[in-house]
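Trainee: sequence plus predicted model, see below.
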Amino acid sequence: MKKDRLLAMVPRWFPFALACLLPSLLLGWDYFHLKSLALWGIVAGVSVAVFAVVQLVRGKGLGDVPATLLLAVTAGLGMAIYSSVKMWLNRFGFGADEMLADLDALLFFGDPWRYLDFLTGAHLAVIYHWTWLLFIAAALVRARHDGAFIGGWFIMWGLLAPLVQWLVPAGGPVFYEKLGLGDRFAGIDPSTTGMFVDYLWDAYVANDVEFGAGISAMPSMHIASVVWGLMLFRSPAAAAYALIIFMISVSSGWHYAVDGIVGGLLAVLAVKAARALPFLAENRDGGAAGVAPDPAPQPVA
């Protein structure tokens, strides 16, 4: 009886999430770094704490909080695992940068970063990294009742992102010259990326297991994640934020424009794939799997 109760408390998305993350964890095990969870753990903990307070103020109780916290922590685990598999894939080098740079120039009639050179400065790093973390945390809280979006997150981070990186291995514009490909992107202002470029490059060259290391331009998981959040929020503010992150990803040199385009398409594909799975889709209007939904209001006699 106790075993049945415990199993009933496990969210339906949880075994699926672990199954999505397991291949990358096995491949990148030698590079897995628990410290990668530390930063996300702080963000997730604060976000869920705020959510708990809001739930109490709204009189809804704390029934959703445990599953929401599990979702936030598991999502962070997925990002940490992706970092490890990135480092593992980096051993095989980068062969797609010239192709992606040329494709950008073809699609946008020139290198797109040149149109966005007004978007530079260290303050943009705060927007690109820190507000992104907060946006994702808020989106995960919002997704707590939608099994398809939860499943889509783990399909995106655990399966699709490593696969695309393996198929299209690229370092990105900020590493273009370091990869011996020329000074095509030398004009990009380095103030937005700061010391992170050297940090990631040094870890790559030394094959070191470092916090948050791993280089991959394609696909842009920054953009994949904000598009995933945009599909949840469906608001002009979320759309504007997604556009800003996309432009900064290009102007800073972290990504080619096509990285972001592919990342956004992956988000859409991942959610559609998850919706096709009945055991995930059926939770859409209920509580987070394993948590009973709020009771429907009863008509007054």
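Mentor: Ah, there it is.
Trainee: show the contacting residues for G121.
Mentor: Going by Cβ atoms under 8 Å, 6 or more residues apart in numbering, G121 touches D189, S191, T192. In short, each C-beta sits where N, CA and C put it, glycine included.
Trainee: rerun at 10 Å
Mentor: Contacts for G121 were tallied using Cβ atoms under 10 Å, 6 or more residues apart in numbering; they are I127, D189, S191, T192, S251, S252.
Trainee: for the last one, which non-adjacent residue is closest in space?
Mentor: The spatially closest residue to S252, leaving aside those adjacent along the chain, is T192, at 3.9 Å (Cβ to Cβ, 6 or more residues apart in numbering).
Trainee: so what's the one you found up against?
Mentor: Going by Cβ under 10 Å, 6+ apart, T192 touches 119-125, 127-128, 174, 248-249, 251-254.
Trainee: show me where pLDDT drops low in the protein?
Mentor: Filtered on pLDDT under 70, the chain yields the residue ranges 1-9, 36, 281-301.
Trainee: what about F92, how many residues nearby?
Mentor: Counted with other Cβ atoms under 10 Å, the neighbours of F92 add up to 9.
Trainee: ah, wrong one, I meant G61
Mentor: Residues near G61, counting by other Cβ under 10 Å: 11.
Trainee: do the same with V54
Mentor: For V54, the count of nearby residues is 11 (other Cβ under 10 Å).
Trainee: please apply the same query to D259.
Mentor: For D259, the neighbour count with other Cβ under 10 Å is 29.
Trainee: and if you look at H33?
Mentor: H33: 18 neighbours (other Cβ under 10 Å).
Trainee: hmm, Y82 and it touching each other?
Mentor: No - counting by Cβ atoms under 10 Å, H33 sits too far from Y82 to count as a contact (11.7 Å).
Trainee: list residues touching both of those two?
Mentor: G214.
Trainee: strands of the stretch 101-250 of the chain, residue ranges please.
Mentor: In the stretch 101-250 of the chain, no strands are defined using DSSP state E, counting those that start in this stretch.
Trainee: could you pull out the helices in it for me?
Mentor: Remark: helices assigned in the stretch 101-250 of the chain by DSSP state H, counting those that start in this stretch are 122-125, 132-142, 147-155, 161-167, 196-206, 221-233, 236-251.
Trainee: what's the fifth one packed up against?
Mentor: Translated: helix 196-206. In terms of contacts (3 or more Cβ pairs under 10 Å, 6 or more residues apart in numbering; DSSP states H and E), helix 196-206 is packed against helix 65-90.
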